[in-house]
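Trainee: Next come a sequence and a model predicted from it.
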Amino acid sequence: MKFPSDIRLNQADRKQQLLQWFYEKHHENRKYDEAKDDNKKLNFYQEYLENNKCSIDLGIDLGCRAGALTKHLKPYGNWVGTDIDSCAIKLAEENGIPCIQSDISIALDFKDDVFDAVLLTEVLEHLPYPMITIKEVHRILKKNEKSVFMGSVPIDYHFHRRFAVFRGKRLTMDPTHLHSFSYKELKIMLEHFFHHVSFKPMRGTKTRHAWLPWDHFVRDIAWIAGSPKKKVGDLKIEVIE
């Protein structure tokens, strides 16, 4: 018996349609320009771009939402965006960010070495395979010391969340979060692909007491990964402790 070919749906864009429906439903009661700690992140990114005299011929905001951050980075160069949500794209374009609709959950549909900067804020935790995403970001960035990857994620493996799990609660209550990060895991992945990586705590006790360790007292973190490595080997991600 052969597999019955007539039962196949053969709808090439079905995955994107389902993802778009899911995110539009999830976000329909939230403001598109709502983003945690935007000013802190913006100051962190702007200071780096100014200090390193970065000239961005072309940068991209992956999962741009309404372009709330990107619109403030336009003085440093040209920016475009992409998102799965058509409503978000419309708002980003109103903020002066040219956008296309695309699914970035695994592959990025852009050529090698075309961007000077990539922005990925509060997005990586929504994607199933962060290692693949960072590898793809590295691929599309130009391999020079001025190229930069800027982003942010929530850190779930901090002291408060660990204690909550001990009491029988979930590590995260957001149904769109597919990956829970520890500081150690994020650091290993970024340093594998980039020569220079720096972090800034956005939320958590470490924002008030810098001497506390990163592993247990940071709830949200922003990063700047500069100077993509020209050659990278394989990386085995350690199991989250």
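Mentor: Yes, it's here.
Trainee: Just to check, residue 78 is in contact with residue 58?
Mentor: Yes: the pair residue 78 / residue 58 is scored as a contact, 5.3 Å apart, by C-beta atoms under 8 Å. For every residue, glycine as well, the C-beta is placed using N, CA and C.
Trainee: Does residue 224 belong to a helix, a strand or coil?
Mentor: Put simply, residue 224 is strand when judged by DSSP: H, G, I helix; E, B strand; the rest coil.
Trainee: Test for you: state the pLDDT assigned to it.
Mentor: Looking at residue 224, its pLDDT is 97.
Trainee: From residue 210, how far off is it?
Mentor: 18 Å (C-beta to C-beta, to the nearest Å).
Trainee: and these two? which has more neighbours close in?
Mentor: Neighbour count, other C-beta atoms under 10 Å: between residue 224 and residue 210, residue 224 has more, with 21 against 7.
Trainee: For that one, list the residues it contacts.
Mentor: Residues counted as contacts of residue 224 (C-beta atoms under 8 Å, 6 or more residues apart in numbering) are 44, 45, 48, 148, 149, 150, 196, 197, 198.
Trainee: Assign the last one to helix, strand or coil.
Mentor: Yep, that's residue 198 we're talking about. Assigned by three-state DSSP, the conformation of residue 198 is strand.
Trainee: Verify the stated contact: it with residue 222.
Mentor: No: Residue 198 lies out of contact with residue 222 (C-beta under 8 Å); the separation is 9.3 Å.
Trainee: Counting neighbours, go ahead and name the busier of the two.
Mentor: Under the criterion of other C-beta under 10 Å, the comparison of residue 198 against residue 222 puts residue 222 first, with 22 against 12.
Trainee: Surely that one and residue 41 touch.
Mentor: Yes: using C-beta under 8 Å, residue 222 is in contact with residue 41, at 5.0 Å.
Trainee: Show me the strands in this protein, by range?
Mentor: 56-62, 77-83, 99-101, 117-121, 148-154, 194-203, 220-228 (DSSP state E).
Trainee: Can you add distance to residue 21 and give these back as TSV?
Mentor: Shown next, in TSV, are the strands of the chain (distance: least, C-beta to C-beta, whole Å):
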stretch	distance to residue 21
strand 56-62	20
strand 77-83	14
strand 99-101	13
strand 117-121	23
strand 148-154	24
strand 194-203	30
strand 220-228	27
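Trainee: In stretch 54-73, which residues are buried?
Mentor: Neighbour counts over stretch 54-73 (16 or more other C-beta atoms under 10 Å) mark 54, 56, 59-73 as buried.
Trainee: again but with stretch 210-226, I slipped
Mentor: The neighbour-count check on stretch 210-226 (16+ other C-beta under 10 Å) flags 212, 214-226 as buried.
Trainee: just stretch 119-134 next, same as before
Mentor: 119, 120, 121, 122, 123, 124, 125, 126, 127, 130, 133, 134.
Trainee: Name the nearest residue to the residue nearest to the spatial centre of the chain, ignoring sequence neighbours.
Mentor: Central residue of the chain (C-alpha atoms, centre = their mean): residue 120, 3.2 Å from the mean position. Using C-beta to C-beta, 6 or more residues apart in numbering and skipping residues adjacent in sequence, the residue nearest residue 120 is residue 151, 3.9 Å away.
Trainee: hmm, back to that, spell out which residues sit in contact with the residue nearest to the centre of the chain, please.
Mentor: 61, 62, 63, 133, 137, 149, 150, 151, 152.
Trainee: Distance of the closest residue to the fifth one other than its chain neighbours relative to residue 199?
Mentor: Right, residue 137. Once flanking residues are discounted, residue 137 sits nearest to residue 118: 5.0 Å by C-beta to C-beta, 6+ apart. Applying C-beta to C-beta, the value for residue 118 to residue 199 is 17 Å.
Trainee: What residues are bridge-paired with residue 224?
Mentor: When assigned by DSSP bridges, residue 224 has beta-bridge partners residue 150, residue 198.
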